[in-house]
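> Here is a sequence with its predicted model. Questions after.
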Number of protein chains: 2
Amino acid sequence: MKRNVFYISDGTAITAEALGHAVLSQFNIEPEFHTIPFVDNDSKAMDVCHKIDTAYTQTGVKPIVFYSIVSPEIKNLINNSQGLCLDVVQSLIAPLQQELNISPVASAKRRPYGLTENNMIKYDARIAAIDYTLAHDDGISLRNLELAQVILLGVSRAGKTPTSLYLALQFGVYAVNYPFVSDDMNNLKIPPAILPYKNKLFGLTIDPERLSAIRQERKGNSNYASLRQCRMEVSEVEALYRKLQIPYLNTTNYSVEEITARLMETMSLQRQR
Amino acid sequence: MKRNVFYISDGTAITAEALGHAVLSQFNIEPEFHTIPFVDNDSKAMDVCHKIDTAYTQTGVKPIVFYSIVSPEIKNLINNSQGLCLDVVQSLIAPLQQELNISPVASAKRRPYGLTENNMIKYDARIAAIDYTLAHDDGISLRNLELAQVILLGVSRAGKTPTSLYLALQFGVYAVNYPFVSDDMNNLKIPPAILPYKNKLFGLTIDPERLSAIRQERKGNSNYASLRQCRMEVSEVEALYRKLQIPYLNTTNYSVEEITARLMETMSLQRQR
């Protein structure tokens, strides 16, 4: 069943999207998504309503609208459209208000990540984490490891770089990643520069079949991408993890978000916001 | 007013965090955050309840608990804790069920980003975007620009790299970024390799005072970080944007999320999920 789904926000719309996706995943429909951020005045709200109403007219079924908007006036405009309009935060406001015994500040600009004076330090910390992580991607540098919060290990294409970047961008984590390459396999060991930081090590692994498929995309018909080579590398690296008791995760069936969340849980890394 | 806030999920807890932050930003409290992902069995749920109850005993005020959990049994366990327990999706299920006239699939593993067969292509596309964007960070390469979806311009430390990485990681966008450096300033122009792709250009700018502060952190007491140099570079680059009618954004008061969302809106880039 096809459905138009609108995510509307006076901010980035990231919250409305995340929640809408979580809710819709419980229903067996085929959504067609439309995300419209920064709807912060009447004129933009009217444009949005027009889009919702047009989608309704064209399809004959009500579009589903998830919105996260503070201004009561703009909310009213959206609610007057012909979509099924769902306020993603409203139902949580009332019980919180009762428990906290204070009123919500409806006029407040909600800026959970914003570069206000209050979280200037957090913003700078985040940029510093990105700088550090990029400088330590793919074994480029093994200096300043005392600053690392985690050192990722794994064969080429196991997911180290996306995980490292997500850790830095989303959570301000200083992440190093080090690749085991084909030449290492005869005598696999942790580089001496890393050894003093054994408690920061976290290994990634991946099913050889999936690894081979990913490598085929990059270098088709190469030894690098052959299933035999992938099996050997994965087997050697997993044996090393076990021997040195390095915690590790098979990334085959996980998204970058899931890998990151599991890594942070295992390594007891705090999410900084 | 201090408050313990728990984000609990049977997944990554990213949705519960995003929504909880949006709601709490409307109340003037000092939250102390605890995020607990992957609560997917009774034993983990009991541990969580113990943490909530301990926080209540220690502080004398009810912790606030935002949760996103599918299993009714685990929900029940959480609800029996002594926190104020708020289900972040539940209030949206009922109106959706009525409109769609189908029942929610409570047993479904919710995996909006998961590497299931259905979105294997999306996962690979995301990794490809990260590879492309890293290879084209900071002007490293100006080849294969026909594949770029956006080419970011700006002076050093204007926010190009974090924005590019966020575009690739979060939205699978192929992003190039090119820095204008001090030596370019006498005769500022767009490199010939980029000129054919003028419609992909997006400029970043930043207040010279903020730029100088950021550069001081990296190279204190340098010409590079001097306010005079920063004023000159920003002024030259903004003049170029205006002359060539390149759309641009001042990043000074925006988070990476906001910069990215505004850029995607201006450049009409679709959010792929």
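Looks like it arrived, so ask away. Numbering: from 1, shown residues only, chains lettered A, B, ... in the order given.
> Now for chain A, the helix or strand with the poorest mean pLDDT.
Least confident helix or strand of chain A, by mean pLDDT, DSSP states H and E, is helix A:120-135 with a mean of 85.
> next one: whichever helix or strand comes after it to chain centre, how far?
Moving toward the C-terminus from helix A:120-135, the next helix or strand (DSSP states H and E) is strand A:150-155. The chain centroid and the centroid of strand A:150-155 are separated by 18 Å under CA atoms, centre = their mean, to the nearest Å.
> Whichever helix or strand comes after strand A:150-155 close to chain B?
Sequence order places helix A:160-171 as the next helix or strand after strand A:150-155, per DSSP H and E. Yes. On the criterion CB under 8 Å from any CB of the partner chain, helix A:160-171 is in touch with chain B at A:161-162, A:165-166, A:169. Using the backbone N, CA and C atoms, a C-beta is placed for each residue, glycine as well.
> and those residues as TSV, adding neighbour count?
Shown next, in TSV, are those (neighbours: other CB atoms under 10 Å in any protein chain shown):
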residue	neighbour count
A:Thr161	24
A:Pro162	22
A:Leu165	26
A:Tyr166	26
A:Leu169	21
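> now, which of those sits nearest B:Ser235?
Using CB to CB, A:Leu169 comes nearest to B:Ser235 of the residues of helix A:160-171 next to chain B, at 30.1 Å.
> can you pull the pLDDT of the closest one?
Per-residue confidence (pLDDT) for A:Leu169: 93.
> what residues are up against it?
A:Leu169 sits next to A:126, A:129-130, B:162, B:165-166, B:169, B:256 when contact means CB atoms under 8 Å, 6 or more residues apart in numbering or on different chains.
> If we use 10 Å, what do you get?
Contact analysis of A:Leu169 by CB atoms under 10 Å, 6 or more residues apart in numbering or on different chains lists A:126-127, A:129-130, A:133, B:162, B:165-166, B:169-170, B:256-257.
> Also A:Cys49?
Residues in contact with A:Cys49 (CB under 10 Å, 6+ apart) are A:8, A:65, A:77-83, A:85.
> What pLDDT does the model give it?
pLDDT, A:Cys49: 98.
> State the distance from it to A:Asn76.
To A:Asn76, A:Cys49 is 11 Å away according to CB to CB, to the nearest Å.
> can you check A:Pro192 too?
According to CB to CB, A:Pro192 and A:Asn76 sit 66 Å apart.
> For those two, work out which one has more neighbours and name it.
Between A:Pro192 and A:Asn76, counted using other CB atoms under 10 Å in any protein chain shown, A:Asn76 has the larger neighbour count: 12 against 8.
> gap between the helix or strand that one falls within and the chain center?
Assessed by DSSP H and E, A:Asn76 sits inside helix A:72-79. Centroid separation for helix A:72-79 versus its chain: 31 Å, with CA atoms, centre = their mean.
> Provide the contact partners of that helix at residue level.
The set of residues external to helix A:72-79 that reach it, using CB under 10 Å, 6+ apart, is A:6, A:8, A:10, A:39-46, A:48-49, A:52, A:65, A:67-69, A:71, A:85, A:87, A:90, A:106-107.
> let's see 6 Å
Outside of helix A:72-79, the residues within contact range by CB atoms under 6 Å, 6 or more residues apart in numbering or on different chains are A:45, A:67, A:69, A:85.
> Now narrow the residues you listed to whatever sits close to chain B.
Among these, none lies close to chain B by the criterion of CB under 6 Å from any CB of the partner chain.
> Let's see if you can find the most crowded of the residues you listed.
Counting neighbours by other CB under 10 Å, A:Tyr67 leads the contacts of helix A:72-79 with 27 neighbours.
> part of a strand, is it?
Yes. Under DSSP: H, G, I helix; E, B strand; the rest coil, A:Tyr67 sits within a strand.
> and the closest residue to it other than its chain neighbours, what are its phi and psi?
Using CB to CB, 6 or more residues apart in numbering or on different chains and skipping the chain neighbours, the partner closest in space to A:Tyr67 is A:Ile8 (4.1 Å). Here is the backbone geometry of A:Ile8 (degrees, to the nearest 10): phi -120, psi 140.
> which ones are touching A:Ile8?
Residues near A:Ile8 by CB under 6 Å, 6+ apart: A:36, A:39, A:48, A:67.
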